[in-house]
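# mind folding the following:
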Amino acid sequence: MTGPGHRRAPFLAVAAAMVLAVLALGTLPHPTRVERASAAVAHAEPGPAAARTPRTAPSPPITVAPGLHRVGEGGVRPGSYVTSSDLCSWERRTPTGEVLASDTGTGQVLVYVRATDGAFSSAPGCGAWRLLDDDHPPAPLSTLGPGTFAVGAQVAPGRWRSDGGDLCYWERLSGLGGELDELLASAGVPGPVAVDVAPADAAFRSFGCGTWRPA
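Predicted structure coming up:
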């Protein structure tokens, strides 16, 4: 007869083999969380046609820092620029350095730098200028504060009304170059003010008028 010890011998051999197998499996590399995440992403990847389409990051907005900058290749790109400031002074200059136009403004400030300009200069108080088209982009506003605003892009043509102040000064402009012949109409009056902004106007500018709203 076979004793109990002999009947247990095969069981012990099988158990020992299972322990060795478990120990061997424990030494195998396990996928990390990063590897598991990568595998999940791999299963979610688009098909071959979509995978061939490169993903491009949006271009950063063009900005112009305070100081004197050459206009043209390697310098300031021509176009309409916007900034916001408590006090901003700027100049457009010829290639030989003469001042073509200059202005000082508060609130939102706009200027059009022409391709024929030689240089553009702005004071430190202006901060960084941005191309108007890159500014969020611009959209018609429901209210206007102090400063200069582009008609069409930011100001809807029509009648605008303000409660005014001790002295409300406003201008309708045909351009943003800062030149005297761009002034279409202006007035400085106290109290409530109403102005008709024409579709052909380039910009509307005001100071000391408070908040403008469509009439």
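# enumerate every residue touching residue 66.
Listed by C-beta atoms under 8 Å, 6 or more residues apart in numbering, the contact partners of residue 66 are 122-128. C-beta coordinates here come from the backbone N, C-alpha and C atoms, glycine included.
# can you say which two of those residues are spatially most distant?
The most widely separated members of those are 123 and 128, with 12.6 Å between them, by C-beta to C-beta.
# looking at the two, which one has more neighbours?
Per other C-beta atoms under 10 Å, whichever of residue 123 and residue 128 has more neighbours is residue 123, with 15 against 12.
# for that one, phi and psi?
Backbone geometry at residue 123, expressed as degrees, to the nearest 10, gives phi -80, psi 160.
# that one: what's it in contact with?
Residue 123 touches 66, 87-90, counting by C-beta under 8 Å, 6+ apart.
# residues touching the residue nearest to residue 119 when sequence neighbours are not counted, list them.
Nearest non-adjacent residue to residue 119, counting by C-beta to C-beta, 6 or more residues apart in numbering: residue 93, 4.3 Å away. Taking C-beta under 8 Å, 6+ apart, we find residue 93 in contact with 99-100, 117-121.
# okay if I get these as TSV plus neighbour count, distance to residue 214 and pLDDT?
Shown next, in TSV, are those (neighbours: other C-beta atoms under 10 Å; distance: C-beta to C-beta, whole Å; pLDDT from 0 to 100):
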residue	neighbour count	distance to residue 214	pLDDT
99	12	37	97
100	17	35	97
117	22	35	98
118	16	40	98
119	21	39	98
120	24	34	98
121	17	36	98
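# of all those residues, which comes closest to residue 181?
residue 100 (12.4 Å).
# could you find the closest non-adjacent residue to the closest one?
residue 92 is the one closest to residue 100 (C-beta to C-beta, 6+ apart), at 4.5 Å.
# for stretch 100-112, what is the distance to the chain centroid?
20 Å (C-alpha atoms, centre = their mean, to the nearest Å).
# just to revisit the earlier point, name the nearest of the contacts of residue 66 relative to residue 166.
Nearest member of the contacts of residue 66 to residue 166, counting by C-beta to C-beta, is residue 125, at 24.5 Å.
# does that closest one sit in a helix, a strand or a coil?
Following DSSP: H, G, I helix; E, B strand; the rest coil, the label given to residue 125 is helix.
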